[in-house]
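S.K.: Sequence below, structure please.
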Amino acid sequence: LWMVNTRLKLQGVTIGQAGINEESQNKQYEGILHCLYKISTEEGIPTLWKGTFTSIILSLNPAIQLGVYEMLKRHHLIVGGPVTDGSGGT
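M.R.: Sure, this is the predicted structure:
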C-alpha cells in the first residue's frame, strides 16, 4: 500500500525554509503493522488506498511500450527476415 510506504519513508523528515531536514526525531510509526493499524483506525481504511490509482496509471506506460516493442520486433522478423550479424558466415 503506497500510503504506508510513503508515511514510513517520510516520518521524521521536516521541510522548512532551508530545505529538507532529515534529522527530526518525530517518529509516528514503529513499523509496517503499526502504521497500517494507526492509519486505518484514525483515518479510515479507504485512506490506505490513496495513491494506488496514480501508481497504476504510471505503470501502464512501460507496459504499453513493451507490448508495442514486441509487436514491432515480431513484424520486423516476419517482413525483414532473420537478423544476421554481418560476418557473412553460416
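S.K.: Let me see the contact set for Leu36.
M.R.: For Leu36, the contacting residues are Leu1, Val4, Leu48, by CB atoms under 8 Å, 6 or more residues apart in numbering. C-beta coordinates here come from the backbone N, C-alpha and C atoms, glycine included.
S.K.: Helices - which of these land there?
M.R.: Val4 (DSSP state H).
S.K.: between the contacts of Leu36, which is nearest Thr54?
M.R.: Of all the contacts of Leu36, the one with the least separation from Thr54 (CB to CB) is Leu1, at 13.1 Å.
S.K.: Where do the strands of this protein begin and end?
M.R.: Listed from the start of the chain, the chain has strands (DSSP state E) covering 14-16, 19-21.
S.K.: Worst mean pLDDT among those?
M.R.: If these are sorted by mean pLDDT, strand 19-21 sits at the bottom with a mean of 58.
S.K.: can you tell me which of the contacts of Leu36 lies nearest to Glu70?
M.R.: Nearest to Glu70 among the contacts of Leu36, counting by CB to CB, is Leu1 at 31.1 Å.
S.K.: Name all residues that make contact with the residue lying closest to that closest one once chain neighbours are set aside.
M.R.: Setting aside the residues directly before and after it, Leu1 is nearest to Leu48 in space (CB to CB, 6 or more residues apart in numbering), at 4.9 Å. When the contact criterion is CB under 8 Å, 6+ apart, the partners of Leu48 are Leu1, Met3, Val4, Leu36, Ile39, Ser40.
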